[in-house]
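S.K.: give me a model of this one.
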Amino acid sequence: MEQRDTAVMELRTRGDQTMAQPSQAALELRDVHKHFGAVCAVDGISLSIQPGEIVAFLGPNGAGKTTTIDMMLGLSRPDSGSVAVFGGTPASAIAHGRVSAVMQTVRLAAEQGWLLDP
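M.R.: From the prediction side, this is the model:
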């Protein structure tokens with residue numbers, strides 16, 4: 001009986017320690033800005049998404065949703081601010097197979113030569 005109680009106590013202690021440790025964000029944007037000429041597409045977005053969270057970007061046309069996702073995927077760079085995916089660059093996360101995406105239009109991928117059979 002005493003041995004069983006000790007095992008339960010160890011699990012609780014380990015669980016408390018795990019919960020107390022801050023986890024690394026799956027995605028972190030800090031004060032990200034992006035302009036296209038005089039047009040401000042993204043104006044200082046900051047967010048942190050933890051592993052396992054599900055997030056939806058909602059907003060009207062021109063709100064900067066696609067531009068923000070492009071920066072998350074490393075398809076474009078912010079004019080200022082930072083984007084980190086699992087603590088590194090988007091390119092590093094993609095190279096290590098930690099990120100993937102289905103783009104909203106295949107035409108862009110075909111025009112860029114990313115598809116073998118457009």
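S.K.: for the nearest residue to Ile94 once chain neighbours are set aside, helix, strand, or coil?
M.R.: In space, and not counting its chain neighbours, Ile94 is closest to Gly74: 6.5 Å by Cβ to Cβ, 6 or more residues apart in numbering. Using the backbone N, CA and C atoms, a C-beta is placed for each residue, glycine as well. Under DSSP: H, G, I helix; E, B strand; the rest coil, the three-state class of Gly74 is coil.
S.K.: now swap in the one 3 residues further on and tell me
M.R.: Using three-state DSSP, the secondary structure recorded for Arg77 is coil.
S.K.: tell me the secondary structure for the residue nearest to it when sequence neighbours are not counted?
M.R.: Leaving out its chain neighbours, the residue that sits closest to Arg77 by Cβ to Cβ, 6+ apart is Met71, at 6.7 Å. At Met71 the chain is in helix, as set by three-state DSSP.
S.K.: what confidence value was assigned to Met71?
M.R.: For Met71, the pLDDT comes out at 94.
S.K.: again, but for Leu11
M.R.: Predicted confidence (pLDDT) at Leu11: the value is 37.
S.K.: list the contacts for Ser82?
M.R.: With contacts defined as Cβ atoms under 8 Å, 6 or more residues apart in numbering, Ser82 is in contact with 28-32.
S.K.: export these to a markdown table and append columns for neighbour count.
M.R.: Output for those, formatted as a markdown table (neighbours: other Cβ atoms under 10 Å):
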| residue | neighbour count |
| --- | --- |
| Glu28 | 18 |
| Leu29 | 22 |
| Arg30 | 15 |
| Asp31 | 12 |
| Val32 | 23 |
